[in-house]
Structures are given as structure tokens and as C-alpha cells.
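> quick one: sequence and predicted model below, then my questions.
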Amino acid sequence: MALARAEEIREIPLALKSFAEVSGATLLLKDVVESNAAIDPLSPDMPLGISPALGRQFMLHRTDIDVLLKRNYSQLSFKWTGAEQCTVSRPANEVTERQVVPMLEEALRKFVGGEGEIHVLQLVNYSPLLIPRQNSFTEIELVSPNTNTRFGQASLNVENDSLPFTRHNIRFEWEWKRPVWVARESLMSGPLQPDSFVMETRNVLSLSGEPYIAESLPTDLVLERSILRGEPLLHSNIKNAIAVTRGSSIDACVRTGALLVSMKGLALENGSVGQTIRLQNPTSGKELYGKVIHENTVEIIP
């Protein structure tokens, strides 16, 4: 009986490392013992507990591991060699503001299509983020990006060993400098005079509205309100000039195949170039719709 009992107890040799570095949140048997095929039937991936916090370490004694092993393998005994205890550390790197800012600026530059100059002025209440030192990948994702405010939100996404590790929210202040049209002098409302404006670089996020940005100013625009010298031209300041006036006689063109037939019509409402208005055939009295193509000229919509 004693011989049979002795044969049932199998002795497994294990060598404890004196030092181990881990990256995952769970400490595994293979992290702290030397690689040895003789540990079969033990699983190298057997969890021993929680790894140290990022950037921290703790001591793990042979007896601590022995207790855990015997709970799962009561029919085995373990012969320990190597170190008496293992220092387990979980090295970490800090993701600092200096590292985040260039990633943010690159993401913002892609968002605005590379136009103008992008500068992140500050990260609001940002604290350095600890991530595993090995096999970590970080990227910035803009959250609901828009160009109507100087404040924005982003997510710093971290992967470790190709698996999601953490997602850190970031709030930031930025500026977007680009050329805009600025009044050379104070101007009254009325037809827009392109020569009265000059291009200057401004932070468009600090403006009270969306700037009118184009390589040149068309002559068919109207200032809806007066603007001061040095004030940028905004979309809210202008409108297209009226090309067709309600009650006026207009040329109404009808496209038939390759032919463009013209007749007279009566405008029933005002319209700018590009707008669709109602008009009337003065002969038949029939109401039609047409697109204003230039002054006093409308193309009938079938």
C-alpha cells in the first residue's frame, strides 16, 4: 500500500526566477518559473493572481506559489530550486502631454483637410497616463469634432499585445489659423466691393461665425450689414445679389434636346443666381418653376 501511495505522488521540479517583468494584468506561472518541459502536467498559463499595478513591483515567495499549486494539484509535490523569492515588476511608460499634443495636431490636420496651421494650445486637466512598457500602441480619436469652438474632445486609445487596454478621454484647446478676407476699411451694407478686402491670417475658431473663404471674391454678393475695418467677412454678413426681381419681365429658357428655346416670362418672386423661383407664362397664365442662371434669365425646370 505504501509503495502504491508513493507512486501516486509525483514530484515536479520548479525553478523560481529571481526577477520577472510582466505586462498583463494577470500573473501567470510561466512568468515566475524557469521554462522547463518537466513542469508537465502543470499549465504554464495557470494564473497565480493579479499582477502589480503599472510601474510597481512586489515580492513573491516560493511558499506563496506552492500553496496555490497544491489547491489545484493535490496529487503532486513540488521540488523548488532557484531563488527563494521573485521580484515581480510591471514596467510602465508615461504618455505625457508632450507626446499627446503632436498626435492631436496630426488628427486635427487630417480632419480639416490639411488647410491652414493647426496648434493645440493646451490639454485641459491632463495627467500623464501609465501604459505597459512593452507591446503597447497608442492612437488619438477625435470625439464629435467640429470647427465651431476652440475646445474639443478626443480619446487616447491604448492597445497592449494587440488587445484593447484602456481608453482615456482628453479635453483640449486649439487654434486653426488660415487666410480670411478682412475689410480694409469700414463698409456700409450694399453691393460687395472686392477691392475693399484683403487676405489676412486669423484664428478662425475665435470668430463669431463661419468665414467666407475663397481665392477671390465674386462681384455678385451683397453685404447685409455694415462691417468695421479689420473685421473678417463671414457667411452671415453676405448674400447673393438679387438677379431677378418679383414682377419683372424675364427671359425664360426651355431646353429641348440640344436646343435652348427662349420666351418671355413674369417673375413671381425674387431670386439670386442658382435659386429656383416661380414664374408665369404671360400668354397662357400657367405657373412654372425655373432656376436663375444669370440676371433676368431663368431656365425652366420641366
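That came through fine. Nothing here was measured: the structure is a model prediction, and the numbers come from that model.

> let me see the ranges of the helices in this protein.
Remark: helices assigned in the chain by DSSP state H are 2-8, 29-32, 62-72, 97-111.

> with just CA atoms, put the shortest one into PDB.
Okay, so that is helix 29-32. Extracted C-alpha coordinates of helix 29-32, given in PDB (Å, rounded to 0.1, in the frame of the first residue of the first chain):
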ATOM      1  CA  LEU A  29       3.000  30.600 -13.600                       C
ATOM      2  CA  LYS A  30       5.300  30.900 -16.600                       C
ATOM      3  CA  ASP A  31       6.100  34.500 -15.700                       C
ATOM      4  CA  VAL A  32       7.900  33.400 -12.500                       C
END
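
> state the mean pLDDT of it.
Computed over helix 29-32, the mean pLDDT rounds to 92.

> need the contact list for residue 200.
Contacts for residue 200 (C-beta atoms under 8 Å, 6 or more residues apart in numbering) come out as 179, 180, 182, 232. All C-beta atoms are positioned from the backbone trio N, CA, C, and that covers glycine.

> go again with 7 Å.
179, 180, 182 (C-beta atoms under 7 Å, 6 or more residues apart in numbering).

> deepest of the helices of the chain, which one?
Among the helices of the chain, helix 29-32 has the highest mean neighbour count (mean count of other C-beta atoms under 10 Å), at a mean of 20.

> neighbouring contacts of it?
Here helix 29-32 has contacts from 16-17, 20, 22, 42, 44-46, 48, 60, 65, 86, 88, using C-beta under 7 Å, 6+ apart.

> could you do stretch 243-252 as well?
Outside stretch 243-252, the residues within contact range by C-beta under 7 Å, 6+ apart are 262-273, 277, 279, 290, 292, 294-298, 300.

> next step: these restricted to strands.
262-267, 271-272, 277, 279, 290, 292, 294, 297-298, 300 (DSSP state E).

> could you dump the contacts of helix 29-32 into JSON lines and include pLDDT and distance to residue 132?
Shown next, in JSON lines, are these (pLDDT from 0 to 100; distance: C-beta to C-beta, whole Å):
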{"residue": "16", "pLDDT": "94", "distance to residue 132": "23"}
{"residue": "17", "pLDDT": "95", "distance to residue 132": "19"}
{"residue": "20", "pLDDT": "95", "distance to residue 132": "14"}
{"residue": "22", "pLDDT": "92", "distance to residue 132": "9"}
{"residue": "42", "pLDDT": "80", "distance to residue 132": "26"}
{"residue": "44", "pLDDT": "87", "distance to residue 132": "20"}
{"residue": "45", "pLDDT": "88", "distance to residue 132": "18"}
{"residue": "46", "pLDDT": "88", "distance to residue 132": "21"}
{"residue": "48", "pLDDT": "92", "distance to residue 132": "18"}
{"residue": "60", "pLDDT": "95", "distance to residue 132": "19"}
{"residue": "65", "pLDDT": "92", "distance to residue 132": "23"}
{"residue": "86", "pLDDT": "96", "distance to residue 132": "19"}
{"residue": "88", "pLDDT": "97", "distance to residue 132": "14"}
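
> report the two of the ones in strands among the contacts of stretch 243-252 separated the most.
263 and 272 (22.0 Å; C-beta to C-beta).

> and those two? which has more neighbours close in?
Of the pair residue 263 and residue 272, residue 272 is the one with more neighbours under other C-beta atoms under 10 Å, namely 16 against 13.

> if the more buried one is in a bridge, with which residues?
Here residue 272 sits in beta bridges with residue 242, going by DSSP bridges.

> where's it relative to residue 238, distance?
11 Å (C-beta to C-beta, to the nearest Å).

> one more: residue 130?
52 Å.

> again, but for residue 265
Counting by C-beta to C-beta, the gap from residue 265 to residue 238 is 28 Å.

> look at these two and report which has more neighbours.
Neighbours were tallied for residue 265 and for residue 238 using other C-beta under 10 Å; the higher tally belongs to residue 265 (24 against 19).
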